[in-house]
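Trainee: Could you look at this predicted model? Sequence included:
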2 protein chains.
Amino acid sequence: MLAVTLKQIAEACNVSTATVSKALNYASDIGAEKAESIRRTAKSMGYFPNAAARALKTNHSRNIGVTFSLDRAIGLTHEYFAQILESFQLEAETSGYDLTLISRSLGKTVMSYLEHSIYRNCDGIFVLAQKFEDPSIIELVSSKIPLVTIDYAFNGCSAVSSDNVNNMSGLVRYVHSLGHRKIAFIYGDKIDVTTRRIEGFYKTCGELGLSIPHDYVVEGVYHCPETSAAATRKLMSLTDRPTCIMYPDDYSYIGGMNELDRLGFSIPEDISVTGFDGISLSKGLRPNLTTFHQDSGAIGKKAAQLLVSAIEQPDKYKFEHVIIPGTVWEGGTVKKQ
Amino acid sequence: MLAVTLKQIAEACNVSTATVSKALNYASDIGAEKAESIRRTAKSMGYFPNAAARALKTNHSRNIGVTFSLDRAIGLTHEYFAQILESFQLEAETSGYDLTLISRSLGKTVMSYLEHSIYRNCDGIFVLAQKFEDPSIIELVSSKIPLVTIDYAFNGCSAVSSDNVNNMSGLVRYVHSLGHRKIAFIYGDKIDVTTRRIEGFYKTCGELGLSIPHDYVVEGVYHCPETSAAATRKLMSLTDRPTCIMYPDDYSYIGGMNELDRLGFSIPEDISVTGFDGISLSKGLRPNLTTFHQDSGAIGKKAAQLLVSAIEQPDKYKFEHVIIPGTVWEGGTVKKQ
DNA sequence: TAAAGTTACTTAATCGATTAAGTAACTTTA
DNA sequence: TAAAGTTACTTAATCGATTAAGTAACTTTA
């Protein structure tokens, strides 16, 4: 648009563009007084550096690419991922980075995520809400570009994950502490996260001396009320019914809630239930849904910190897999037995 | 990273960089055969233009800024906005534009949306999910930068809106057609959209000869189950109860649903209800929620088309305010009276 | 057939920043 | 006091593209 350039400031100040650049970048070989006055002039003229020129020269765009699936289950609509993105953005922004959505094509040209990232000179990539077996993600992860993934760790790449094994364990222990011994678990799509939650579930039940009939553990789908409803029907038709059903996530529990109502079971009088995620919906329900809150804010923030240091200190930097714990949110859907 | 440049292709082909550039851009003054061979070489070398260099020279970044509130009610988590963004992105991408999230600051520097957009050389701005009275939005809208807003039209700017008056009207007529005469309406936050829905509600009730007691029309909050629960309690405690409650949106209806259950009212046997938006949740409920589906796909696509033509044909371009209709989704929550 | 036009290139300038190398004025050191 | 060092600048090259202007070879026109 009407952007002010270094040259205009240089003319206004009667110095060379080099001097202006140095003043604005707090370089060492410039007089303190003159530098200050140049900065004042620049500010008064409404100067902002041209990101393209700067990126071209420095080979550093101050831009982070986000590969974000817009899928219903793992995309923008999911509060867990939305919150991770929000806190990531806040932290990245504080470090001076903007976020660009990286897709698989541009105009008529089909590009891989990596090609697209190179085209846009992204300094790093935030791999969020993704199908990790996607070849284009594999290509990205195998490249030299700094990146961080969420809830899945690739070899030689930084990752931040929710502590799925222990989170699940914590929720099971909470339910157990209220006297439940017949605990059913509807797990979500068989992704890495789910494997860990199943692991946490069985491990903890074992530690607590509970033997769980195998028809108490049912496959479901994340963010899908319909499958939760079907799974609930199945569980409630067993001769030896569970006293508590653990749902794959808060949102999909809606399906179970409806189904239980339709079947004439009251929550928590006739059957106890738990969710997973700790999204705002859980507090909108009466009674509040007992769930496990994953600390999405901490996850996003940590991911941004890891990525920024990977970008800015490529030498010092060491890959890390950070595991973020969460907390049980005690609602009113688990009744003391 | 390891990006291939024009120069390398020029050397490989034994021509000047000018010729390579022309070949890749399908310029007229170049031999068809040589152009084709250059393009083949470029492709085989994995060439993608450097976006920064191109933006610097052409003053055209092929980048669209998105001012996206991450607020829970009007942000990423809301399926309506997420779907608009998704279809916008798809269409923009087809035209060769990427999306960058524009925030209000960068590093230690506080910037307005406009300053940030200029800094990033955005060709245009997609103003989505925003508080339109925000001074930084006003500044943006008053500038010369091409932009398009959603569900709110500024003077001299393109906008795409859901047809709120007629949508509301359509839903009221549907409810009326099933015999309901005592229709209550919980409206959302008092933003422009809400004003139109209230207008549509009263207008249509008037046309249908219904006189609505003023305590049937209650203020609520979008995306907030708690307020819907409270409003429901209020409505159901009236001496002359409504036969149908229209909720501000599908999500907030969850609060009403819970409250009705708690009060011992069955849906739709004892009370009929409707939502608004037509998000996937409405089909996850039993019975399916009767709601009004706003055509978020069409809205996003149209917005992208308007913005791209505003960017690419600034002369020919005329501001437009496009109104997109939607459809009633017949669920099972409105009982024939 | 000479002038004018066309084709298919190359040369060189340019976008707006950054930064290594150069330099004039002044200060410190031996 | 002469050499060396420091300070505070400027000059000029550069990042990787695009494009106006230039030009040689060939073709068409009058």
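Mentor: Thanks, I have the structure now.
Trainee: near chain B, anything from stretch A:216-229?
Mentor: Yes: between stretch A:216-229 and chain B, judged by CB under 8 Å from any CB of the partner chain, the touching residues are A:224, A:225, A:226, A:229. In this view, the C-beta of every residue, glycine as well, is placed from N, C-alpha and C.
Trainee: Do me a favour and get the end-to-end distance for that stretch?
Mentor: 15 Å (CA to CA, to the nearest Å).
Trainee: Give me the buried positions along stretch A:313-325.
Mentor: Using 16 or more other CB atoms under 10 Å in any protein chain shown as the burial criterion, the residues of stretch A:313-325 that qualify are A:320, A:322, A:323, A:324.
Trainee: What's the nearest residue in the stretch 1-150 of chain A when you look at DNA strand D?
Mentor: residue A:31 (2.7 Å; CB to the nearest atom of the strand).
Trainee: How much space separates that residue from residue B:20?
Mentor: Residue A:31 is 45 Å from residue B:20, where distance means CB to CB, to the nearest Å.
Trainee: Residue A:273 now?
Mentor: Counting by CB to CB, the gap from residue A:273 to residue B:20 is 64 Å.
Trainee: What of residue A:157?
Mentor: For residue A:157 relative to residue B:20 (CB to CB), the value is 35 Å.
Trainee: Those two - which one has more neighbours?
Mentor: residue B:20 (26 against 21; other CB atoms under 10 Å in any protein chain shown).
Trainee: Is whatever helix or strand the more buried one lives in in proximity to DNA strand C?
Mentor: Using DSSP states H and E, residue B:20 maps to helix B:17-24. Yes: Helix B:17-24 is in contact with DNA strand C by CB under 7 Å from any atom of the strand, via B:17, B:18, B:19, B:22.
Trainee: Going by residue numbers, what spans are helices in chain A?
Mentor: Applying DSSP state H to chain A gives helices spanning A:6-13, A:17-24, A:32-44, A:51-58, A:79-94, A:113-119, A:135-142, A:164-177, A:192-207, A:225-236, A:250-262, A:281-284, A:296-312.
Trainee: what residues are up against the residue nearest to the spatial centre of chain A?
Mentor: In chain A, the centroid-proximal residue (CA atoms, centre = their mean) is residue A:84; its distance is 3.8 Å. By CB atoms under 8 Å, 6 or more residues apart in numbering or on different chains, the contact set of residue A:84 is A:128, A:150, A:296, A:299, A:300, A:303.
Trainee: Verify the stated contact: residue A:287 with residue A:266.
Mentor: No: if you go by CB atoms under 8 Å, residue A:287 and residue A:266 don't touch, sitting 10.4 Å apart.
Trainee: So the two - more neighbours on which side?
Mentor: Higher neighbour count among residue A:287 and residue A:266: residue A:287, with 15 against 11, using other CB under 10 Å.
Trainee: Next one: that one from chain B, what distance?
Mentor: 9 Å (CB to the nearest CB, to the nearest Å).
Trainee: what's the closest non-adjacent residue to that residue?
Mentor: In space, and not counting its chain neighbours, residue A:287 is closest to residue A:332: 2.9 Å by CB to CB, 6 or more residues apart in numbering or on different chains.
Trainee: repeat for residue A:103
Mentor: That would be residue B:93: by CB to CB, 6+ apart, it lies 5.2 Å from residue A:103.
Trainee: and if you look at residue A:257?
Mentor: Nearest to residue A:257 is residue A:267, by CB to CB, 6+ apart, at 6.9 Å.
Trainee: need the residues of the stretch 101-250 of chain A near chain B, please.
Mentor: A:101-103, A:105-107, A:111, A:115, A:118-121, A:143-145, A:224-226, A:229.
Trainee: same thing but 6 Å
Mentor: Counting by CB under 6 Å from any CB of the partner chain, the positions of the stretch 101-250 of chain A adjacent to chain B are A:101, A:103, A:106, A:107, A:115, A:118, A:119, A:120, A:121, A:225.
Trainee: Could you see whether DNA strand D lies near the helix or strand of chain A with the lowest mean pLDDT?
Mentor: Every helix and strand in chain A was compared by mean pLDDT, DSSP states H and E; the lowest is strand A:105-106, with a mean of 80. No: interface with DNA strand D: strand A:105-106 contributes nothing (CB under 7 Å from any atom of the strand), its closest point being 13.5 Å away.
Trainee: can I see the domain layout of chain A?
Mentor: Domain assignment for chain A, taken from automatic domain parsing, gives A:6-49, A:63-162+A:297-324, A:164-294.
Trainee: Can you flag the weakest of these by average pLDDT?
Mentor: Here the domains of chain A differ in mean pLDDT, and the lowest is domain A:63-162+A:297-324 at a mean of 90.
Trainee: so how far is the first residue of that one from its last?
Mentor: 26 Å.
Trainee: how close does the residue nearest to the centre of chain A sit to residue A:96?
Mentor: 20 Å.
Trainee: cool, residue A:311 as well?
Mentor: 11 Å.
Trainee: So for those two, which sits in the more crowded spot?
Mentor: residue A:311 (20 against 14).
Trainee: Pretty sure that one sits against residue A:124.
Mentor: Yes: between residue A:311 and residue A:124 there is a contact under CB atoms under 6 Å: 4.7 Å.
Trainee: Report the set of residues contacting both of those two.
Mentor: The overlap between the contact sets of residue A:311 and residue A:124 (CB atoms under 6 Å, 6 or more residues apart in numbering or on different chains) consists of residue A:146.
Trainee: next one: the least confident helix or strand of chain A to chain centre, how far?
Mentor: 24 Å (CA atoms, centre = their mean, to the nearest Å).
Trainee: Parallel or antiparallel, list what pairs with that strand.
Mentor: Under the criterion DSSP bridges, strand A:105-106 sits next to strand A:109-110 (antiparallel) in its sheet.
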